[in-house]
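K.L.:
From the sequence below, what's the structure:
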Amino acid sequence: ADPCDDTTFLRRAYLDLTGSPPRAPEVIAFMESPNPEKRATLIERLVRSPGHADHMSAIWASWLVTEESSNPLLAQQSGLRNWLRDRFRENLRYDRLLADLLVSTGSAQSGPVAFFVGLEGKPEKIAARTARVFMGVQLDCAECHHHPFDRWKQEDFWGLAAYFAQITPVGEFAMNTTEIFDTGTGEVTIPGTERVAPPKPLVQSSQSIVTTGTRRQQLTLWLTTPENPFLARSAVNRIWALLMGRGLIEPVDDMRESQTASHPKLLDELAEYFTHSGYNFRQLIETICCTQAYSRDTRHPSGQPPERLLAVMELKPETERQLANSVTEVARQLGS
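P.N.:
Residues are numbered from 1 along each chain as shown. Model prediction:
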């Protein structure tokens, strides 16, 4: 498809990067600008704006603590979003953000601990969500038996859960007064057996044998090593899906070995680029948004080509947040 027109690109970039549509003065200024690089300049400005940090924090909070949380009050609290917003504002490298989240202690009101409280402090729930969000792996089916469609065994699931077996919630979940601490004691057993599952990374690496520190610290050392085959690929695939409407592997939380990416070399190249950039999220997003693929129109002159060709931009329905912000902005402009 041809490149989309300027108004389409402007609205696309604003909604994708800030969750809100552009305001009238911004539209006029962009349309009247003679700068041939104005699209790249726009992207650079938006990814450094407070609105982008706020938008990204809302998205990641929804991935970490979903609406299905058994504690509905927690899903709406601001602590986690505020913490994430500050991290995105400073453009904290992704591996550091992940490590800080997974080893956090204290009150859920302070931010990252909400991830553990939202999952009731249960090792099996925390392990399953960690695998989905940060590794693109669905381990859930291996909780009670070997995964029927993937390589994961029951020992793999409970070996990952064991990293979270030594945290103790203190307080009331229902009242949002829970605090999380490492106790240094606690184990998980494989259901239907009396076997204690030792901490075990999903795949071996040079960091697999680390035994110092808390179990959660040991897990983050393995998860954030550049040798880890999951971290960069999963993050890149999620961001690509967020911006392009469809992941290079779908679904984004089920990147099993049997699935081939629509563009394997692209996924590998982006993952390598992300790693070598120092896990720079802002740089990754800016790079994808400056591609020809992101600038394409949603219509193709020959009809609708196969999705795998990236010949058009996917039609992306507005999220609840984008729709609410759009209605609010229209109402504000009508009121003025």
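K.L.:
can you give me the helices in the stretch 1-150 of the chain?
P.N.:
With helices called from DSSP state H, counting those that start in this stretch, the stretch 1-150 of the chain shows them at 6-18, 24-32, 38-46, 50-64, 72-76, 79-89, 94-102, 114-117, 123-135.
K.L.:
Oh, that last question was meant for the stretch 151-300 of the chain, not what I typed.
P.N.:
Counting by DSSP H, counting those that start in this stretch, the helices of the stretch 151-300 of the chain are 154-161, 215-223, 231-244, 264-276, 281-289, 292-295.
K.L.:
Now do the buried residues in the last one.
P.N.:
Of the residues in helix 292-295, 293-295 count as buried by neighbour count, 16 or more other C-beta atoms under 10 Å. Bear in mind the C-beta positions are built from the backbone N, C-alpha and C, glycine included.
K.L.:
Of those residues, which is the nearest to Met31?
P.N.:
Ser295 (16.0 Å; C-beta to C-beta).
K.L.:
before we move on, the earlier item: may I see the helices of the stretch 1-150 of the chain organised as a markdown table, with mean pLDDT added?
P.N.:
A markdown table is the format used below for those (pLDDT from 0 to 100):
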| stretch | mean pLDDT |
| --- | --- |
| helix 6-18 | 97 |
| helix 24-32 | 95 |
| helix 38-46 | 97 |
| helix 50-64 | 94 |
| helix 72-76 | 49 |
| helix 79-89 | 94 |
| helix 94-102 | 96 |
| helix 114-117 | 88 |
| helix 123-135 | 94 |
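K.L.:
For Ile180, find the nearest of those.
P.N.:
helix 114-117 (4.9 Å).
K.L.:
still on that earlier bit, pick the most deeply packed of the helices of the stretch 1-150 of the chain.
P.N.:
helix 114-117 (a mean of 27; mean count of other C-beta atoms under 10 Å).
K.L.:
buried sites along stretch 155-167?
P.N.:
By 16+ other C-beta under 10 Å, the buried positions in stretch 155-167 come out as 156-167.
K.L.:
nope, stretch 185-198 is what I was after
P.N.:
Of the residues in stretch 185-198, those buried (16+ other C-beta under 10 Å) are 188, 190, 197.
K.L.:
Can you read off the pLDDT for the nearest residue in space to the last one that is not next to it in sequence?
P.N.:
Okay, so that is Ala197. Nearest in space to Ala197, with sequence neighbours left out and distances taken as C-beta to C-beta, 6 or more residues apart in numbering, is Trp158 at 3.6 Å. pLDDT for Trp158: 93.
K.L.:
Give the full set of residues in contact with Trp158.
P.N.:
For Trp158, the contacting residues are 124, 143, 188-190, 197, by C-beta atoms under 8 Å, 6 or more residues apart in numbering.
K.L.:
For Gly303, state which of those residues is nearest.
P.N.:
Closest to Gly303, out of all of the contacts of Trp158 and judged by C-beta to C-beta, is Glu143, at 44.6 Å.
K.L.:
neighbours around the closest one, how many?
P.N.:
Glu143: 18 surrounding residues under other C-beta atoms under 10 Å.
K.L.:
go on, the one 10 residues further on?
P.N.:
When counting by other C-beta under 10 Å, one arrives at 13 neighbours for Lys153.
K.L.:
didn't it look like it was pressed against Ala142?
P.N.:
Yes - using C-beta atoms under 8 Å, Lys153 makes contact with Ala142 at a distance of 6.2 Å.
K.L.:
hey, what's in contact with both of those two?
P.N.:
Counting by C-beta under 8 Å, 6+ apart, nothing touches both Lys153 and Ala142.
K.L.:
Count the residues that sit near the closest residue to Asn82 other than its chain neighbours.
P.N.:
Of all residues not flanking Asn82 in the chain, Gly111 sits nearest, at 6.3 Å (C-beta to C-beta, 6+ apart). Gly111: 24 surrounding residues under other C-beta under 10 Å.
K.L.:
picking up where we left off before, got TSV for the helices of the stretch 1-150 of the chain, with distance to Leu270 too?
P.N.:
Listed next are the helices of the stretch 1-150 of the chain as TSV, based on distance: least, C-beta to C-beta, whole Å:
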stretch	distance to Leu270
helix 6-18	17
helix 24-32	28
helix 38-46	16
helix 50-64	18
helix 72-76	31
helix 79-89	19
helix 94-102	13
helix 114-117	26
helix 123-135	16
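K.L.:
out of those, nearest to Arg308?
P.N.:
Between the helices of the stretch 1-150 of the chain, helix 6-18 lies closest to Arg308; by C-beta to C-beta that is 21.1 Å.
K.L.:
angle of that closest one against helix 281-289?
P.N.:
150 degrees (axes from the mean of the first three to the mean of the last three C-alpha atoms, to 10 degrees).
K.L.:
Dihedrals phi and psi, Val330?
P.N.:
phi -60, psi -40 (degrees, to the nearest 10).
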